[in-house]
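Colleague: Sequence and predicted structure are below.
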Amino acid sequence: MNIYIQAASAISPQQTFGESPLLIERKEYNSNRLNIVEPDYRELIDPKSIRRMSRIIRMGVGTATDCLNKAGIKSPDAIVTGTAYGCLADTGVFLTSMIEQDEEMLPPTAFIQSTHNTVGGQIALMLQCHGYNNTFVHRGFSFESALLDAMLLLQENDAINVLAGSVDEITDISHAVLTRFGFYKQLPVSNLSLFSSDSKGTIAGEGAAFFLLTSQPSAGAYAKLDALTTFYKPKDTNEIEQYILDFLASHSIQIDDIDLVITGNNGDHKRDDIYKQLKRSVFINNSLIHFKDLCGEYPTASSFALWLAAYIFKTGKVPAAIQYEGLKKDKLKRILIYNHYLGIHHSLQLVSAC
């Protein structure tokens with residue numbers, strides 16, 4: 001069964017939200033942290049409701065609403081969300097108040113809104129959607145798990161339209177903790193020169209991306225989501241190469257049939273070594289582009305890559321803000337997304353033109 005991306009929307013540290021054209025130029029940050037470009041949510045969400053929403057809820061609800069508006073759908077049959085961190089800001093508020101008030105007379109609102117399924121629940125409440133609603137919290141596989149669940153719902157005819165996406169935020173506390181663990185660079189760096197930096201760590205990112213998936217073809221569809229797979233802790237690059245080739249072969253595709261590969265290079269010389277080796281081997285004849293200099297690194301960053309692939313097929317060209325190494329074909333038919341998170345969670349997404 002074909003799975004069609006009927007519409008897609010993303011909020012990120014770049015200009016990726018709203019009407020086309022998007023990603024005309026890269027927004028520069030001289031930091032080790034990229035925060036989203038906040039849109040005007042009042043055009044999508046009732047202002048009275050906005051005041052009661054935390055930042056990450058506004059991100060998720062705003063992106064989901066924009067996606068549905070683009071698809072011309074008032075309410076989907078199912079909502080599937082992926083998030084690794086959940087509502088970090090609300091979690092921090094609750095834990096701080098618990099310490100400051102000696103665990104007495106704690107306001108419950110922050111705790112209620114800190115659960116991982118809050119975003120999916122808020123979307124359903126706003127849309128009055130009483131169908132299937134699920135949230136996956138699988139670390140670096142959170143978005144892929146949500147996407148796979150959505151694909152299964154469509155393939156099993158349990159839904160016609162599925163809203164699937166992910167959302168993750170970075171806060172001062174979480175950024176400080178993860179920096180101490182060595183995930184992020186100690187000193188500020190320009191995201192425009194991220195891949196030329198040889199220092200340890202990457203730059204933190206955040207964002208939300210939602211997709212309206214359907215099994216019914218239409219003239220306005222962005223792209224087709226042909227296949228998805230994940231693999232955990234491969235022992236070496238040779239095993240990764242074999243995963244990639246086997247994945248393509250299972251869909252009767254050769255590596256030379258891929259017009260463009262989107263890889264998850266993040267500027268950490270240790271983590272990027274995998275991509276560099278693949279570029280010299282299995283991807284040696286493929287055109288490559290990267291995306292984490294635009295959105296930063298976070299567990300569900302692969303959703304930004306899928307949004308980028310869908311947008312490329314929708315517009316018929318690679319956005320001007322993307323640095324790429326010689327596209328060899330004028331018209332793109334197939335895009336392969338390969339991403340890994342911390343060298344542990346690896347995923348492949350195959351996307352093609354409608």
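Modeller: Perfect, I can see it now.
Colleague: quick one: contacts for residue 283?
Modeller: 255, 261, 263 (C-beta atoms under 8 Å, 6 or more residues apart in numbering). For every residue, glycine as well, the C-beta is placed using N, CA and C.
Colleague: any idea which helix or strand of the protein has the worst average confidence?
Modeller: strand 324-325 (a mean of 65; mean pLDDT, DSSP states H and E).
Colleague: What's the first helix or strand after it?
Modeller: strand 334-341 (DSSP states H and E).
Colleague: Show residues contacting that following strand.
Modeller: 139-140, 226, 244, 248, 253, 257-264, 271, 274-275, 278, 286, 297, 299, 301-302, 305-306, 309, 312-313, 346-353.
Colleague: you'd agree residue 274 is in a helix?
Modeller: Yes. Residue 274 sits within a helix when classified using DSSP: H, G, I helix; E, B strand; the rest coil.
Colleague: picking up where we left off before, same list (the contacts of residue 283) but as a markdown table, adding neighbour count, secondary structure and pLDDT.
Modeller: Conversion of the contacts of residue 283 to a markdown table gives the following (neighbours: other C-beta atoms under 10 Å; DSSP: H, G, I helix; E, B strand; the rest coil; pLDDT from 0 to 100):
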| residue | neighbour count | secondary structure | pLDDT |
| --- | --- | --- | --- |
| 255 | 17 | helix | 96 |
| 261 | 23 | strand | 97 |
| 263 | 24 | strand | 97 |
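Colleague: Turn those into CSV, including distance to residue 166.
Modeller: Formatted as CSV, the contacts of residue 283 follow (distance: C-beta to C-beta, whole Å):
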residue, distance to residue 166
255, 28
261, 21
263, 19
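Colleague: Separate out the buried members of the contacts of strand 334-341.
Modeller: Using 16 or more other C-beta atoms under 10 Å as the burial test, the contacts of strand 334-341 include 140, 226, 244, 248, 253, 258-264, 271, 274-275, 278, 286, 297, 299, 301-302, 305-306, 309, 312-313, 346-353 as buried.
Colleague: Residue 211: what's it in contact with?
Modeller: 5-8, 67, 147, 163-165, 306-307, 310.
Colleague: For these, which PyMOL command selects only the ones that are buried?
Modeller: In PyMOL syntax, the buried subset of the contacts of residue 211 is picked out as below (16+ other C-beta under 10 Å):
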select buried, resi 5+6+7+8+67+147+163+164+165+306+307+310
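Colleague: any idea whether residue 126 is helix, strand or coil?
Modeller: Quick answer, by three-state DSSP: residue 126 is helix.
Colleague: which residues does it contact?
Modeller: 45, 49, 61, 65.
Colleague: Now for the residue nearest the centre of the chain: which residues touch it?
Modeller: Nearest residue to the geometric centre of the chain (C-alpha atoms, centre = their mean): residue 303, 2.0 Å. Counting by C-beta under 8 Å, 6+ apart, residue 303 touches 10, 82, 143, 165-166, 207-209.
Colleague: Among those residues, which are located in helices?
Modeller: If you go by DSSP state H, the contacts of residue 303 have residue 143 in helices.
Colleague: Out of the contacts of residue 303, name the ones that lie in strands.
Modeller: 10, 82, 165-166, 207-209 (DSSP state E).
Colleague: could you say which helix or strand contains residue 299?
Modeller: Under the assignment here (DSSP H and E), residue 299 is part of no helix and no strand.
Colleague: Nearest spatial neighbour of it, chain-adjacent residues omitted?
Modeller: residue 84 (3.4 Å; C-beta to C-beta, 6 or more residues apart in numbering).
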